[in-house]
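Q: please find the sequence and the predicted model below.
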Amino acid sequence: MSDRREVQVSPGRDDDLAALTELYNHYIRETAITFDVTPLTPDERRPWLLSHPEDGPHRLLVAREPGPPGTILGYATSSPFRPKAAYATSVETTVYLAPGAGGRGIGTLLYQQLFEALESEDVHRAYAGVTLPNEASVRLHRRLGFEQIAVYGEVGRKFGAYHDVAWFEKRLP
C-alpha cells in the first residue's frame, strides 16, 4: 500500500458504490462497530450515497490508492444528526477504513479534509458514536478534537453480546 502522502481523497461517486458497500459489509459481517446486522446490496446502499452530495453539510469523502485502479482505502461522512429542523447545524460523522488500511493516518487524513470542507458550511457541532471497545477510533476522535460526552451502556446487541457506545462531540468554528 502507498504512503499516506500519496493517498487521494475526493468526493464519493456513483462508480464507488459497489466497493463502498463491500467495505461497509465487512464491518457488518465481522465486527460490532456498526449495529447493522444484515449485509447490504449496492442498490440498498444507493440512497445513502445520494444523501451525500459534493457540497453542503452532508458529505462523503473517499480515500483511494493513487493511480488506476484507485483501490478504496476508506471513507468519511458527515450526515444528519437527527431529523428535526433544530438539529440542522449538527452532523454525525464517521470513518470506515478498508481492512489493512488502519494505522497509516488515513482516518486522520479523511477527517481533516472533511472538517476542512465543513468550515464553509453552517455546521456548529459534530458528533460521533463509537462502539466500545475500539481504542483506535477513540484515539482518532480525541486526536481530532472530539471530547467524550456520554456512554450508552449496553445499547446494542450483536453477535450475542451487548455493546456500549461512547458519544463524542466536536465544536466547530
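A: Nice, thanks for sending it over. Residues are numbered from 1 along each chain as shown.
Q: from now on I want contacts and neighbour counts done on CA atoms only, so please keep to that.
A: Fine.
Q: below-threshold pLDDT in this protein: ranges please.
A: 1-5 (pLDDT under 70).
Q: tell me the bridge partners for the closest residue to Val62 other than its chain neighbours.
A: Excluding the flanking residues, the one nearest Val62 by C-alpha to C-alpha, 6 or more residues apart in numbering is Tyr75, at 4.3 Å. For Tyr75, the beta-bridge partners under DSSP bridges are Val62, Tyr96.
Q: so who does Tyr75 touch?
A: Each residue near Tyr75 by C-alpha atoms under 8 Å, 6 or more residues apart in numbering is listed here: 20, 60-63, 95-97, 107, 110.
Q: which one of these is nearest Glu169?
A: Using C-alpha to C-alpha, Val95 comes nearest to Glu169 of the contacts of Tyr75, at 14.7 Å.
Q: these two touch, right, that closest one and Ser79?
A: No. At 11.6 Å, Val95 does not count as touching Ser79 under the criterion of C-alpha atoms under 8 Å.
Q: closest one of the contacts of Tyr75 to Gln8?
A: For the contacts of Tyr75, the nearest to Gln8 is Ala63 (5.5 Å; C-alpha to C-alpha).
Q: how near is that closest one to Glu147?
A: Shown here: Ala63 relative to Glu147, a distance of 25 Å by C-alpha to C-alpha, to the nearest Å.
Q: quick one, helices of the protein?
A: According to DSSP state H, the chain carries its helices in the segments 17-30, 42-50, 106-118, 135-143.
Q: pick the most buried one from these.
A: Highest mean neighbour count among those (mean count of other C-alpha atoms under 10 Å): helix 106-118, with a mean of 19.
Q: how about the nearest residue to Pro80, chain neighbours excluded?
A: Closest to Pro80 by C-alpha to C-alpha, 6+ apart is Val91, at 5.0 Å.
Q: what about Leu60, how many residues close to it?
A: 27 (other C-alpha atoms under 10 Å).
Q: surely it and Val9 touch.
A: No. With contact defined as C-alpha under 8 Å, Leu60 does not count as touching Val9 (10.1 Å).
Q: chain center to stretch 114-121: distance?
A: Taking C-alpha atoms, centre = their mean, to the nearest Å, one finds the center of stretch 114-121 at 15 Å from the center of the full chain.
Q: er, stretch 156-171 actually
A: The answer for stretch 156-171 is 15 Å, by C-alpha atoms, centre = their mean.
Q: please apply the same query to stretch 65-84.
A: On C-alpha atoms, centre = their mean, the centre of stretch 65-84 falls 7 Å from the chain's centre.
Q: which positions in that stretch come out as buried?
A: 65-66, 72-81 (16 or more other C-alpha atoms under 10 Å).
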